[in-house]
Every structure is written in C-alpha cells, then in structure tokens.
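Colleague: Give me the fold of what follows.
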Amino acid sequence: MKNCNSLLGTMALVRSFQFILFLSLSAGILFSACSAGNSKNNTENKRLEVPVLSLDQMTIEIPQTYVADIQARQFVEVRSKIEGFVEKIYVDEGQIVKKDQPLFQLSSTEYSELVNSATAKLMQAKAEEKGASLEVARLKILVEKNIFSSSELELAQSKLDMARSAIMESEAMLKNARLGLSYTTIRAPFDGMVDRIPYKTGSLVNSGDLLTNITDIHEIFAYYKITENEYLEYMRGRIDKENFKKESKQNLKHALEETLEEEKEEITLILSDGQTYQHTGELETMEADFEKGTGSIALRVRFPNPDGLLKHGASGKVQMTKPLENIYLIPQKATFEIQDYTYIYLVGPDNNAQIRSFRPKGRYGLFYISDDFKVGDRVVLEGIQLLKDGVAIKPRETGAEEVYGSLETLAQTSF
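Modeller: Sure, this is the predicted structure:
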C-alpha cells in the first residue's frame, strides 16, 4: 500500500514538472514573437519619412533672350558738300523736322556769282547761235541764186553748230552753278529728329564735315545674332511650315490649320531697366552670310515706336518663346552637385534611396529641365542631406500642383 502511494506521488510530481516546463516554453515562444514584432515595428519607425514627387512628361514654353543692337529705321549723317561759313542755323538739337525743311545756311555769295556768270555766258552763246542761224539762212538764199558757193554755206553751218554746242556747255555750267548754290542751303532728307549740332553760326566747314544726324525713330530695328545650330533649327521649321501650306492648298480640310500656321510669332523687347517694351515686334529678315570667327548670323526685328521711347543706339534684349515637349522638370532643391555632375535621389522598388546623376538641359525658374527620366520615377524632394545610397526611407507622395504651382510665374530663366 505504501509503495502504491509513493508511486502515485512520484507521477504527480513529474506531471507538475512537465506542466511548468510547458508554460516556460510557451512563454519563451510568445516573448520571442513579441520581440520580433516590436523589432520590426521599431525598424519601420526609424525609417526617415521624406516627401517624393512622381515625374510626368510635360510641355513648356521657354523664353529665349538675345542681346539686341537697337537702330533707327533711318539714320543719316548730314554733311556739307561744299566749303563755307555757317551763316544760319534754322533748327535746334532734338527738334522734329519735316522732309526738305531747311537746317543750315552756308555762305552763298561766291556761288551766286558763279550762277550769274554762267547765266551771262549762256545768254552770249544764245546770241551767237542766233547770229549764226541768220547767217546760214542768208547764205542759203545766195547759194540758191549761185551768188556764193556751197562751201560758204557749209562754213556758216559749222559756225552755227559751234554756237549750239556753246549753248549746251553754258547750260551745263549754269546747272552746276545752281547746284552748288543749292548746296549752301542744307535741308532735311526725311522726317526725323535732329541730333547734336557741333558747328555753330560763323564756323568754317569744309566739304564732308559732319553738321548733324537725322534719325527717323517712328519704327526701330533690333538686330540680334543666333548660332548656326539655331539658324538651322529655325530654317527647318520654316521649310516645314511652307510644305504644310502647300499641302493645305490642295486639301480644303486643312484651311483652318493653314490660317493658324500663318499667324506670326510675337517677339518682345526687354529694355535696359528690365522692363518689357509695350509693343511687340515682327521678325523680318536676316543677313546673307555668317560672321567669320563667331559663326553667328544676325536677324532683324521691326518694332513700332509711336511714343519715341526708343532711341538709336539703345540697348536691350530680344525675347521669344520656344516650346519644349516631353521633358521633365526637376526641382533644384532636390539636387546636389559634385564636380561637374548633378545628382538626385530616386525611390527604388523597395523604398530605398537610389542616387542618380543627370545633366540638365537648362533651367526653368527653380527647376532643371531634363529628358533623362521615365514617367513614374519618384524623386526625393527634401531631406537629401540625411540620405545615403541604399538607405531605407518612408516616402510621402506630394502632388504635382503643390510642387510646380503656376509655371507661368517661374518662366524667368537663363536657358
């Protein structure tokens, strides 16, 4: 009986020990599972949360500026054709004048005497011609009556021809004298504005001396230079438009598109103070040859100038727009540079930061222009100074409208 009780006690003790061991193992497993879960959560929480932007292709209008040489539509140097003293000055500097309006009066006494002398010689030649003509008529009657020989008539005819040639010579001398006299009164060659007048009343001027300049600034020309590559791009575009027009004339369905193609591009002028000129210009023509050494060619734009704001020799910049299609805008704040390369961080498939280099094609406000990406690439916008290549991050999507805003206000670029 004692042995039975002892055996039962031993079995109860073993079962108690097994139960305690089971509880210990279960608690250990449960603790390990909880620890693993907490570790995973801690890792997730330790990831740096950064804003990211999903890239998409877009089309923008890039303003391009070129340094322009502004010139008046007409600019003429008024010079003296003769030597003489300045007797009168009829205009003042900066005055608006009309065509053929007198500007200066040079001493004319000498040229007036030359006109009188030439007039007297012409009158003498005409008198001699009249006498020679009467002599020829008289001799004709006498020769017909066989009173004089025909040789006498021929001699008289020769004298008449000499008298007539003397008239022609005298008329030419009188014309030259009158022309010289007209040079003493210097007139405006066209409607315009008088420039500086270096010679004052009483000054002696020689033939060829500059008296003033006359400028017509009702319209002005702005000349700017482009490279050979830009010229080729521009000319190919014009050729494509001409071909399009030819096809449109053969197809009535394209009549509306043809009308749109014929609309001319508006070109603006940026003045030296940074303000935009209120009138737009029209591209008219270009030079015939490329400039040696620089390989550039000049184009001419005509601008109206009704208020006379622009002056000959002023400075400014011609600005026009160029469309760029299928490009990506990369915020500059998301980039950093090492030597000659520009880098950004892209978000990898496992939400890891991946460093990436690219070469911008230009700038558009606070953005770089590039075509070296794919639609859907995610760019890290901020916190790049805390990242390393391959580090795990927690991306937070940012809308395109929040990043780009109104692109029209960011178009101040140095493309």
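Colleague: Isn't A118 up against G180?
Modeller: No: counting by Cβ atoms under 8 Å, A118 does not reach G180; the two are 10.0 Å apart. Glycine gets a C-beta too; all of them are placed from N, C-alpha and C.
Colleague: Count residues in the vicinity of E291, would you?
Modeller: Residues lying near E291 (other Cβ atoms under 10 Å) number 11.
Colleague: Tell me what the residue lying closest to it once chain neighbours are set aside is bridged to.
Modeller: Residue nearest to E291 in three dimensions, not counting chain neighbours: I297, with 6.8 Å by Cβ to Cβ, 6 or more residues apart in numbering. Beta bridges link I297 to I226 when assigned by DSSP bridges.
Colleague: quick one: I297 from V347, how far?
Modeller: I297 sits 47 Å away from V347, going by Cβ to Cβ, to the nearest Å.
Colleague: where along the stretch 151-300 of the chain do the strands fall?
Modeller: 185-187, 192-194, 204-205, 210-227, 268-271, 282-286, 296-304 (DSSP state E, counting those that start in this stretch).
Colleague: tell me the most buried of those?
Modeller: strand 192-194 (a mean of 22; mean count of other Cβ atoms under 10 Å).
Colleague: other SSEs contacting that strand?
Modeller: Under the contact criterion of 3 or more Cβ pairs under 8 Å, 6 or more residues apart in numbering; DSSP states H and E, strand 192-194 touches strand 58-79, strand 96-97, strand 210-227.
Colleague: I'd like those strands laid out as JSON lines, including distance to L324 and mean pLDDT.
Modeller: Output for the helices and strands packed on strand 192-194, formatted as JSON lines (distance: least, Cβ to Cβ, whole Å; pLDDT from 0 to 100):
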{"stretch": "strand 58-79", "distance to L324": "5", "mean pLDDT": "89"}
{"stretch": "strand 96-97", "distance to L324": "46", "mean pLDDT": "93"}
{"stretch": "strand 210-227", "distance to L324": "17", "mean pLDDT": "91"}
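Colleague: if we compare those, which one ends up closest to I330?
Modeller: strand 58-79 (11.7 Å; Cβ to Cβ).
Colleague: Show me the contact partners of the next helix-or-strand element following that closest one.
Modeller: Using DSSP states H and E, the next helix or strand after strand 58-79 towards the C-terminus is strand 84-89. Contacts to strand 84-89, defined as Cβ atoms under 8 Å, 6 or more residues apart in numbering, come from residues 103-108, 110, 184, 197, 199-205.
Colleague: Max pairwise distance over those residues: which two?
Modeller: Maximum distance among the contacts of strand 84-89 (Cβ to Cβ): 23.6 Å, for E110 and I197.
Colleague: So for those two, which sits in the more crowded spot?
Modeller: Neighbour totals were compared for E110 and I197, and I197 leads with 20 against 13 (other Cβ under 10 Å).
Colleague: thought that one was touching T212?
Modeller: Yes: with contact defined as Cβ under 8 Å, I197 reaches T212; the gap is 5.0 Å.
Colleague: Spell out which residues are contacts of both of the two.
Modeller: Shared contacts of I197 and T212, counting by Cβ under 8 Å, 6+ apart, come down to E93.
Colleague: all helices in the stretch 51-200 of the chain, in order from the N-terminus.
Modeller: 109-144, 150-182 (DSSP state H, counting those that start in this stretch).
Colleague: follow-up on the earlier one: neighbour count winner among A118 and G180?
Modeller: A118 (20 against 17).
Colleague: For G192, list the residues it contacts.
Modeller: Contacts of G192 by Cβ under 8 Å, 6+ apart are 72, 74, 76, 96-97, 214-217.
Colleague: Quick check: closest non-adjacent residue to I167.
Modeller: Counting by Cβ to Cβ, 6+ apart, the residue nearest I167 is A125, at 4.4 Å.
Colleague: What is the burial count for that neighbour?
Modeller: 21.
Colleague: I'd like the numbering to begin with 39 instead of 1 from here.
Modeller: OK, 39 is where the count begins now, so the last one is A163.
Colleague: I'd guessed it sits against A210; true?
Modeller: No: counting by Cβ under 8 Å, A163 sits too far from A210 to count as a contact (11.1 Å).
Colleague: hang on, the earlier thing: which of the strands of the stretch 189-338 of the chain sits closest to P369?
Modeller: Here strand 306-309 is closest among those (Cβ to Cβ), at 26.4 Å.
Colleague: Can you get me a residue count around the residue lying closest to F259 once chain neighbours are set aside?
Modeller: Spatially, and ignoring its direct neighbours in sequence, F259 is nearest to Q109 (5.0 Å; Cβ to Cβ, 6+ apart). Here the number of neighbours of Q109 (other Cβ under 10 Å) works out to 19.
Colleague: what does the one 3 residues further on give?
Modeller: The burial metric for Q112, expressed as a neighbour count using other Cβ under 10 Å, is 17.
Colleague: And G319, by the same measure?
Modeller: As a measure of burial, G319 has 24 neighbours, counting by other Cβ under 10 Å.
Colleague: Quick check: bridge partners of it?
Modeller: I305.
Colleague: so who does the closest residue to K159 other than its chain neighbours touch?
Modeller: Distances taken as Cβ to Cβ, 6+ apart place S208 nearest to K159, at 4.6 Å, with adjacent residues excluded. S208 sits next to 156, 159-160, 162-163 when contact means Cβ under 8 Å, 6+ apart.
Colleague: Right, I'll leave it there.
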